[in-house]
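Chemist: sequence-free structure coming up:
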């Protein structure tokens with residue numbers, strides 16, 4: 001009987017560790033999404049380029065903030081270097097007009113290691 005009690009304690013310990021790790025990963029991914037949404041201010045001295053919106057997708061609410069946001073897939077055409085496709089996340093309240101697929105927009109981008117940080121140039125979007 002004591003052997004069964006020892007095994008049940010071990011199983012309980014393993015399950016609690018698995019739940020703790022899963023909870024930590026869930027929180028980390030949620031924080032990453034929030035940082036992506038709010039991280040647009042880190043490209044103040046980036047390069048300006050033209051881009052074409054390939055996809056515009058609305059997300060009704062994020063889990064942490066409760067605000068609606070948009071994901072835009074854009075094809076960036078820099079003056080120098082290779083063209084690239086990336087995703088840009090923008091909070092709904094920051095947009096005067098929502099760009100649709102095929103619209104040309106201005107973006108700012110900055111290279112940081114192997115990753116490109118890209119934000120929509122919100123001043124270039126015309127009002128409705």
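Modeler: The structure has been received and is ready for your questions. Since the model is a prediction, treat every value here as computed from it, not as a measurement. Numbers count the residues shown, from 1 in each chain.
Chemist: use CA for all of it now, contacts and neighbours both
Modeler: Will do.
Chemist: where does the protein dip in pLDDT?
Modeler: Residues of the chain meeting the criterion pLDDT under 70: 1-6, 32-45, 62-65, 111-116, 121-128.
Chemist: the longest strand in it is where?
Modeler: strand 47-59 (DSSP state E).
Chemist: Show me where the chain has its strands.
Modeler: For the chain, the strands defined by DSSP E occupy 47-59, 69-77, 84-91, 104-112, 115-120.
Chemist: Just say which of the ones you listed is most tucked in.
Modeler: Mean neighbour count (mean count of other C-alpha atoms under 10 Å) peaks for strand 69-77 among those, with a mean of 21.
Chemist: tell me which strands and helices it is in contact with?
Modeler: For strand 69-77, the packing partners by 3 or more C-alpha pairs under 8 Å, 6 or more residues apart in numbering; DSSP states H and E come out as strand 47-59, strand 84-91.
Chemist: Can you redo the ones you listed as CSV, where the extra columns are distance to residue 97?
Modeler: Shown next, in CSV, are the helices and strands packed on strand 69-77 (distance: least, C-alpha to C-alpha, whole Å):
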stretch, distance to residue 97
strand 47-59, 12
strand 84-91, 12
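Chemist: among those, which is nearest residue 102?
Modeler: strand 47-59 (5.4 Å; C-alpha to C-alpha).
Chemist: Give me the packing partners of that closest one, helices and strands only.
Modeler: strand 69-77, strand 104-112.
Chemist: what angle sits between the first one and strand 84-91?
Modeler: Right, strand 69-77. Taking axes from the mean of the first three to the mean of the last three C-alpha atoms, to 10 degrees, one finds strand 69-77 and strand 84-91 inclined to each other by 150 degrees.
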